[in-house]
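# Here is a sequence together with a model predicted from it:
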Amino acid sequence: MTKYHTGTAGWSYKDWVPAFYPKAQSGNFDWLMYYANYFNCVEVNATYYAYLSPKIAEGWVRKTEDCSDFLFTIKLHQDFTHKKDFDTQKITAVKYVLNTLSKAERFGGLLIQFPYSYTSNPVTVQYISRLAEIFGEYNKIVEVRHASWNKPDILEGFKKLDLTFCTIDQPQFDNTIPFILHEINGKMYIRMHGRNVEAWKNSMSNFNAKQTYEEQSGRYNYLYSPGELVEIEQKIKKMLDTVKDIYIIFNNHPGGNAVCNAFELMYRLLEKQMSIPANTLLAFPRLKVCAENNNEVLF
């Protein structure tokens, strides 16, 4: 049986209130605990920007202790993927968090994400091999966004290094890598960025400029249509004979769109209704067909 790990890129978004998180929250209300009641995976973005204390990861473990199959995937710090400036101390800091989660059986994988400008050539391939060696004991996923990586020899190299080749869905233009599902050693990792072409182009052209949160998030402001999700569902189901673990992460987070689409795709893949918050059903009425509690919500 294929195991689906479905969730979103991050969980701490103020604009998810009230589309996902309720507007009325008690003093001890915790967003992660609430999130883990509905999804079995989350991708951590904070680790890309900062080296977190193991105590933070220990807190995540405590908050999800009642969710037996919940997993965290961790985005590698930008020092390794964008700045390429790291040392033994930084490696140790990353591993502290990974080991904390691994010990508690809460670790899903390490996402090694490179920018669109990172093209395939002998130097960049060798650098990825170096990171694969440094983090050899962990499940690793590599996300590259340029079409130059979409070659059979690259996939074969990833297989030898036991690196999962991340499939990404993003607007298609210039030399962006196409949406092609890649299974390597029984594993698949899919990131859904949305298809907001104009906002994506604007964001790339202003990559080095200072941007507000809204400007940075604009390219992810996209809600997949039911038809687009059917297309993705069908592609995934064609791979089930060889895939044991599939991670599906929605990164189209503005306004809670990622939550809506994650529920919809889970419903289609698992072919059963699920528990969905009443406030989310009100924000996204089309989810009613996916919800086991739909009779509780009046439209």
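The structure has been received and is ready for your questions. Residues are numbered from 1 along each chain as shown.

# buried sites along stretch 169-184?
Residues of stretch 169-184 classed as buried: 169-171, 176-177, 179, 182-184 (neighbour count, 16 or more other CB atoms under 10 Å). No exception for glycine: its C-beta is placed from N, CA and C like everyone else's.

# same question, stretch 126-144
Applying 16+ other CB under 10 Å to stretch 126-144 flags 127-128, 131-132, 134-135, 138-144 as buried.

# Would you work out how far apart the start and end of that stretch are?
Distance between the two ends of stretch 126-144: 14 Å, counting by CA to CA, to the nearest Å.

# Stretch 273-288 now?
End-to-end distance (CA to CA), stretch 273-288: 9 Å.

# buried residues in that stretch?
Buried residues in stretch 273-288 (16+ other CB under 10 Å): 276-277, 279-281, 283-284, 287-288.

# Any chance of these in a markdown table with pLDDT, distance to residue 19 and secondary structure as columns?
Below are the buried residues of stretch 273-288 laid out as a markdown table (pLDDT from 0 to 100; distance: CB to CB, whole Å; DSSP: H, G, I helix; E, B strand; the rest coil):
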| residue | pLDDT | distance to residue 19 | secondary structure |
| --- | --- | --- | --- |
| 276 | 97 | 11 | coil |
| 277 | 96 | 9 | coil |
| 279 | 95 | 7 | helix |
| 280 | 97 | 6 | helix |
| 281 | 97 | 10 | helix |
| 283 | 97 | 4 | helix |
| 284 | 98 | 7 | coil |
| 287 | 97 | 11 | helix |
| 288 | 96 | 15 | helix |
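
# In helices only, show me the buried residues of stretch 126-144.
127-128, 131-132, 134 (DSSP state H).

# circling back to that earlier point, pick the one among the buried residues of stretch 273-288 closest to residue 33.
residue 277 (13.5 Å; CB to CB).

# ok now do that closest one, which residues does it touch?
20, 22, 38 (CB atoms under 8 Å, 6 or more residues apart in numbering).

# Looks like the first one contacts residue 276 (just checking).
No: with contact defined as CB atoms under 8 Å, residue 20 does not count as touching residue 276 (9.6 Å).

# could you dump the buried residues of stretch 126-144 to TSV with pLDDT and distance to residue 61?
Converted to TSV, the buried residues of stretch 126-144 look like this (pLDDT from 0 to 100; distance: CB to CB, whole Å):
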residue	pLDDT	distance to residue 61
127	98	32
128	98	30
131	98	25
132	98	26
134	98	24
135	98	20
138	98	17
139	97	17
140	98	21
141	98	21
142	98	26
143	98	25
144	97	31
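
# export those to JSON lines and tack on distance to residue 69?
Formatted as JSON lines, the buried residues of stretch 126-144 follow (distance: CB to CB, whole Å):
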{"residue": "127", "distance to residue 69": "34"}
{"residue": "128", "distance to residue 69": "30"}
{"residue": "131", "distance to residue 69": "28"}
{"residue": "132", "distance to residue 69": "27"}
{"residue": "134", "distance to residue 69": "28"}
{"residue": "135", "distance to residue 69": "23"}
{"residue": "138", "distance to residue 69": "19"}
{"residue": "139", "distance to residue 69": "15"}
{"residue": "140", "distance to residue 69": "21"}
{"residue": "141", "distance to residue 69": "19"}
{"residue": "142", "distance to residue 69": "25"}
{"residue": "143", "distance to residue 69": "24"}
{"residue": "144", "distance to residue 69": "29"}
